[in-house]
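Trainee: When you get a sec, could you give me coordinates for this:
(3 chains)
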Amino acid sequence: MGAMNEKVYQLVDENYGFVFEPELVEEIARIGNFQRIKAGMVLMDVGEAFVGMPLLLSGALKIIRENHDGDEILLYYLERGDTCAMSFSCCMGDKKSKVRAVAEEDSEIVMIPVEYMDQWLSKYGSWKSYVFESLQVRMDEFIESIDSIAFLRMDERLLKYLRDKARVVSDPVLHMTHQEIAYDLNTSRVVVSRLMKKLENAGYVKAGRNQLEVLKL
DNA sequence: ACATTAAGTGATT
DNA sequence: AATCACTTAATGT
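Mentor: Down below sits the predicted model:
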């Protein structure tokens, strides 16, 4: 095993060693496609065919839904140990992605080719459990996203967004503009600015230009 | 000093 | 909550 594979093996073992049996960890490290993704890079875009299933080793990806008019809205984040359930259903059905995946920060993933995703289901019990559990967790995330969009007022959505964001980058200080936040929430910058002012007055955040700190996590 | 970009605000729908 | 129109503030050249 080369130096590169050894490193990938360690990463996989660190993040998935407690979920997968040793043989599977070894196989993932051997056949998986290790990739480093720079922050902001688009890993998958709407309409693209899936090549495999990404397992997050470090960093975070944000999953965005985009409609035909180019309006977009943040669905949820993928963090280490997570995988994209969407990719599973899509790969199995040979469908195209309905979402966009963008690296929220510098991330490392290992991509599992389609062929293996299928054959491992019968070969490894831990793989099967993991896939089904991921599907379930992601389904819960979906419901949460829908609740957030449908039932929460914009100010609550904003606060939830800021807290989620602070969590995935593991830093209460966020470097972003009101406009960028507005894109993720599919609202206008003016609305974000107004609500941000309210949150600031209520002591939830401390805001500055291009920067804000989430105070009550 | 000037241009550009981010953020704040009143008024209207 | 969205949009417009405008102001103010911060930052880059």
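Trainee: alpha carbons only for contacts and neighbour counts from here, please
Mentor: Fine.
Trainee: DNA strand C contacts on chain A?
Mentor: Applying C-alpha under 7 Å from any atom of the strand, we find that chain A lies next to DNA strand C at A:152-155, A:186-191, A:209.
Trainee: and those residues as JSON lines, adding neighbour count and secondary structure?
Mentor: JSON lines is the format used below for the residues of chain A next to DNA strand C (neighbours: other C-alpha atoms under 10 Å; DSSP: H, G, I helix; E, B strand; the rest coil):
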{"residue": "A:L152", "neighbour count": "13", "secondary structure": "coil"}
{"residue": "A:R153", "neighbour count": "10", "secondary structure": "coil"}
{"residue": "A:M154", "neighbour count": "16", "secondary structure": "helix"}
{"residue": "A:D155", "neighbour count": "16", "secondary structure": "helix"}
{"residue": "A:N186", "neighbour count": "14", "secondary structure": "coil"}
{"residue": "A:T187", "neighbour count": "16", "secondary structure": "coil"}
{"residue": "A:S188", "neighbour count": "14", "secondary structure": "coil"}
{"residue": "A:R189", "neighbour count": "16", "secondary structure": "helix"}
{"residue": "A:V190", "neighbour count": "12", "secondary structure": "helix"}
{"residue": "A:V191", "neighbour count": "15", "secondary structure": "helix"}
{"residue": "A:R209", "neighbour count": "9", "secondary structure": "coil"}
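Trainee: Lowest pLDDT pick from the residues you listed?
Mentor: Across the set of these, A:L152 stands lowest in pLDDT, at 83.
Trainee: Tally up the residues packed near A:H68, please.
Mentor: 7 (other C-alpha atoms under 10 Å).
Trainee: Name the SS class of it, please.
Mentor: Assigned with DSSP: H, G, I helix; E, B strand; the rest coil, A:H68 falls in the coil class.
Trainee: Can you list the buried residues in the strand or helix carrying A:E180?
Mentor: Per DSSP states H and E: A:E180 is located in helix A:178-185. By 16 or more other C-alpha atoms under 10 Å, the buried positions in helix A:178-185 come out as A:178-179, A:181-185.
Trainee: among these, which are in reach of DNA strand B?
Mentor: A:178-179.
Trainee: Quick check: chain neighbours aside, which residue is closest to A:V168?
Mentor: Distance criterion C-alpha to C-alpha, 6 or more residues apart in numbering; nearest residue to A:V168, sequence neighbours excluded, is A:A60 at 6.4 Å.
Trainee: What of A:A103?
Mentor: Closest to A:A103 by C-alpha to C-alpha, 6+ apart is A:L61, at 4.4 Å.
Trainee: okay but the one you found is in contact with A:R80, surely?
Mentor: No - between A:L61 and A:R80 there is no contact under C-alpha atoms under 8 Å: 9.3 Å.
Trainee: The two - which one has more neighbours?
Mentor: Between A:L61 and A:R80, counted using other C-alpha under 10 Å, A:L61 has the larger neighbour count: 31 against 18.
Trainee: which residues touch the helix or strand where that one lies?
Mentor: Here A:L61 sits within strand A:60-66, counting by DSSP H and E. Contact with strand A:60-66 is made by A:46, A:72-80, A:98-107, A:168-169, as judged by C-alpha atoms under 8 Å, 6 or more residues apart in numbering.
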